[in-house]
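# Kindly return the folded structure for what I paste below:
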Amino acid sequence: MKAAEGNARRGPSLTHRIDWVFKRRDMPLQITAEHGHWRRVEDREGQGGWVHYSLLSGVRTVIVEQDRLGLHMRPDAEAPVTAELESGVVARLGKCGPEWCQLRSGGYRGWAPKARLWGVGAEELRD
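The predicted structure is shown next:
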């Protein structure tokens, strides 16, 4: 979500009723359908609707799903931890391997297990 606030509508036009209002900038959303300039999106709880594409950003973010998730210096559980993130924190997504993703949040950078994140697919790889 690029905007600080965005309406999720019942259908892909301004004439459709607003069902949901997203109020968090950089919120990761999953696009489930497209129709013209409209995208059907869902958040991690399955809430959503149709939003205009101009409200969405190409910047990838994820939500931390584990409290005190350690950011490691390398994609290795034995690597030193540079920071810990609370559950619900939104982080920018960088590179992803089969099991680890590089994240940035609050001025910190490091690697976290992909299984502890919402907003990136289990099989997704990113350079």
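
# for stretch 85-102, what is the average pLDDT?
Mean pLDDT, computed over stretch 85-102, is 97.

# For that stretch, list every residue counted as buried.
Across stretch 85-102, burial judged by 16 or more other CB atoms under 10 Å covers 85, 89-91, 93, 96, 100-102. All C-beta spots, glycine's among them, are computed from the backbone N, C-alpha and C.

# And for stretch 43-51?
In stretch 43-51, counting by 16+ other CB under 10 Å, buried: 43, 48-51.

# Distance across that stretch, terminal residue to terminal residue?
Start-to-end span of stretch 43-51 (CA to CA, to the nearest Å) is 12 Å.

# Need the residues that contact it.
With CB atoms under 8 Å, 6 or more residues apart in numbering as the test, stretch 43-51 has contacts from 6-13, 16, 18-20, 22, 27-30, 32, 35, 38-42, 63, 65, 118-119.
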